[in-house]
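Asks: after the sequence you'll find the predicted model.
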Amino acid sequence: MRVHFIAIGGSAMHNLAIALSKKGFHVTGSDDVVFEPSKSRLNKYGLLPASEGWNTDNITSDLDAVILGMHARPDNPELKKAMELGLKVYSYPEYIYEQSRQKKRVVIGGSHGKTTITSMILHVLNYYNYNFDYLVGAQLAGFETMVKLTDEAPVIILEGDEYLSSPIDRRPKFHLYHANVAVISGIAWDHINVFPTYEEYYDQFVKFLDTIEDNGKVIYYAGDTDLARLMNDSSKEITKIPYGSLSNKVENGITRIVTDYGEIPLNIFGNHNILNLNAARLVCLELDVKEDAFFEAIKTFNGAARRLESLGKNANTAVFKDFAHSPSKLVATIDAVKKQFPDRKLIALIELHTFSSLNKDFLNQYAGTMDAADEAIVFIDDTIFLQKQLEPYDEFIVKKSFDNTRVNFFNNVEILERFLSGINYKGKNLLLMSSGNFGGMDLDALTGKILSSSPE
């Protein structure tokens, strides 16, 4: 099979390219720019384009498939030639489905927790050397790539994103996988640039249910009112399995879940992660992993990358980084750290970075989301509005939208770093939340300063 990737440098795209190359496909690719770590990883497998840019000579009639990445434009010259030649053009989720038609497909959907639930399932299956394929949105310990595709594996675990599939395929990715077993962790409005109203966003989950194979199963969080309504309204002939939290307690900074097999200590914490764990448990039961075996394996799960990741700690303070950026994720992450360290004050910083979070029409969705923090900080890199072609706004709008006059607002990373470095952190934790990079701030250096200023 000969496959060409347009925009091969994307996170999922370059991982899929590597997976297909390992499968024995002849893989080529192009991109206008390739960043790290994609660049080094593609180079390792001999897949890095010889030069950056688009070249119509890459598109030949002997290609079996062209896979189009999300950051390519609809008028891409290679895409235009592929269509002129009548070649089959796929989005990457569409192609993954083509490669997994004969497998049992487990699709993890929902507005939050997708990566963590998927990572938990992968960790448990890997712990017991199960034969499985996968697609996950983060690099995991013990997994070389974020995508694995083989002919032999009978099951594939897919993180099901609700964002668009490609520049010419406006369907959400998770609609294309046709799950045999699905998870929906919750519904909280996101991607305002694609779904300008909550109703349009909600409707994507209605359609997702319809894509589940007949006689399939959906595992869903019953505590989400709108999700419960979706399940009640659906006449789809599938088995609906609700879940909630598991009994748990926190002692000496360690969360333990209480089970019929005893108390299970965890390396993760927070009610949202207990919910994620329960969803993963139910999926693993569907894959014939016994419950006691699941709990034994999950004790060694250290979390998905950038999800409540510890940057450093001592006896007086801890610094965490989290991917949280949407309103529901802020609330869950702040609540988790507060409950895990009830005797410490919490300094919480959110960088508004996504299109939705920067959109003035969406900003009031953040009202009250940082109220539980002892000190709340909002940061916007002052160059981002120009990059995303959005109208900038000031501190007054931020405080009004967050409905919190105590919010500190910064739009200059150097001033923000000086502010953070000047805090006395004894008896306090710092939580850094963003899907971006905090304006390029060196978080390891900042953590070092914080820990040295509050020695044990």
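Replies: Sure thing, it's come through.

Asks: packing partners of the helix or strand containing R105?
Replies: Element membership for R105, per DSSP states H and E: strand 104-109. Counting by 3 or more Cβ pairs under 8 Å, 6 or more residues apart in numbering; DSSP states H and E, the packing neighbours recorded for strand 104-109 are helix 114-127, strand 155-159, strand 181-184, helix 271-286. The C-beta positions use only the backbone N, C-alpha and C, and glycine is treated the same way.

Asks: mind putting the ones you listed in a markdown table, mean neighbour count included?
Replies: Shown next, in a markdown table, are those (neighbours: other Cβ atoms under 10 Å):
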| stretch | mean neighbour count |
| --- | --- |
| helix 114-127 | 24 |
| strand 155-159 | 25 |
| strand 181-184 | 27 |
| helix 271-286 | 22 |
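
Asks: for V413, find the nearest of those.
Replies: Of all these, helix 114-127 sits nearest to V413, with 26.3 Å by Cβ to Cβ.

Asks: show residues contacting that closest one.
Replies: 106, 108, 110, 132, 134, 136-138, 140, 142-143, 157-161, 183, 185, 273, 276-277, 279-280, 283-284, 287, 289, 293-294, 297-298, 300-301, 303-304, 307, 323 (Cβ atoms under 8 Å, 6 or more residues apart in numbering).

Asks: how close does the spatially most central residue of the chain get to D161?
Replies: With distances taken as Cα atoms, centre = their mean, the residue of the chain nearest its centroid is T115 (4.7 Å). Using Cβ to Cβ, to the nearest Å, T115 is found at 10 Å from D161.

Asks: shared neighbours of those two, anything?
Replies: Residues touching both T115 and D161 (Cβ under 8 Å, 6+ apart) are G137.

Asks: what does the pLDDT read for the residue nearest to the centre of the chain?
Replies: With respect to pLDDT, T115 has a value of 93.

Asks: going forward can the numbers begin at 32, since that is how I track them
Replies: Taking 32 as the first residue, the last one we looked at is T146.

Asks: next one: it relative to L313, how far apart?
Replies: Taking Cβ to Cβ, one finds T146 at 17 Å from L313.

Asks: got it, and I305?
Replies: 13 Å.

Asks: now G458
Replies: The value you get for G458 to L313, if Cβ to Cβ is used, is 39 Å.

Asks: again with G275
Replies: Per Cβ to Cβ, G275 is found 11 Å from L313.

Asks: okay, buried residues for the worst-scoring helix or strand of the chain on mean pLDDT please.
Replies: Ranked by mean pLDDT, DSSP states H and E, the weakest helix or strand in the chain is helix 415-419, scoring a mean of 83. Across helix 415-419, burial judged by 16 or more other Cβ atoms under 10 Å covers I415.

Asks: against which helices or strands is it packed?
Replies: With contacts taken as 3+ Cβ pairs under 8 Å, 6+ apart, helix 415-419 sits against helix 386-389.

Asks: can you list contacts of the helix it packs on?
Replies: Counting by Cβ under 8 Å, 6+ apart, 221-224, 356-357, 383, 393-394, 397, 411, 415-416, 419, 421 sit against helix 386-389.

Asks: please save the CA atoms from that helix in PDB.
Replies: Presented in PDB, the C-alpha positions along helix 386-389 are these (Å, rounded to 0.1, in the frame of the first residue of the first chain):
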ATOM      1  CA  PHE A 386     -10.300  29.900  20.200                       C
ATOM      2  CA  SER A 387     -13.300  29.300  22.400                       C
ATOM      3  CA  SER A 388     -11.700  30.600  25.600                       C
ATOM      4  CA  LEU A 389     -10.400  33.700  23.900                       C
END
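
Asks: all helices of the stretch 232-381 of the chain, in order?
Replies: 256-264, 302-317, 322-329, 358-371 (DSSP state H, counting those that start in this stretch).

Asks: quick one on the thing from earlier: and the helices and strands packed on strand 135-140 as CSV, adding distance to N443?
Replies: Compiled in CSV, those are given as follows (distance: least, Cβ to Cβ, whole Å):
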stretch, distance to N443
helix 145-158, 31
strand 186-190, 35
strand 212-215, 40
helix 302-317, 32
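
Asks: between these, which one is nearest to F236?
Replies: Minimum separation from F236 across these (Cβ to Cβ) falls at strand 212-215, 6.3 Å.

Asks: tell me how far the residue nearest to the centre of the chain lies from F372.
Replies: In this view, T146 and F372 are 24 Å apart by Cβ to Cβ.

Asks: was I right about N304 contacting L339?
Replies: Yes - shown here, N304 and L339 form a contact pair, counting by Cβ atoms under 8 Å, at 7.4 Å.

Asks: overlap in contacts, these two.
Replies: Here N304 and L339 have A367 as joint contacts, going by Cβ under 8 Å, 6+ apart.

Asks: gap between the closest residue to D374 other than its chain neighbours and G141?
Replies: The shortest distance from D374 to any non-neighbouring residue, by Cβ to Cβ, 6 or more residues apart in numbering, is to G458 (7.5 Å). Distance of G458 to G141, given as Cβ to Cβ: 35 Å.

Asks: what of G334?
Replies: 18 Å.

Asks: for the residue lying closest to D62 once chain neighbours are set aside, which residues are in contact?
Replies: Of all residues not flanking D62 in the chain, G40 sits nearest, at 4.2 Å (Cβ to Cβ, 6+ apart). G40 is in contact with 60, 62, 64-66, 69-70, 73, 100, counting by Cβ under 8 Å, 6+ apart.

Asks: same check, this time on Q371
Replies: 281, 284, 286, 300-301.

Asks: now, the most widely separated pair of the residues you listed?
Replies: Longest span within those, Cβ to Cβ: G284 and G301, 12.7 Å.

Asks: count the residues that sit near N298.
Replies: Using other Cβ atoms under 10 Å, N298 is surrounded by 13 other residues.

Asks: correct me, but it touches N333?
Replies: Yes - the pair N298 and N333 qualifies as a contact (Cβ under 8 Å) at a distance of 4.9 Å.

Asks: distance of Y252 from H143?
Replies: Y252 is 10 Å from H143, by Cβ to Cβ.
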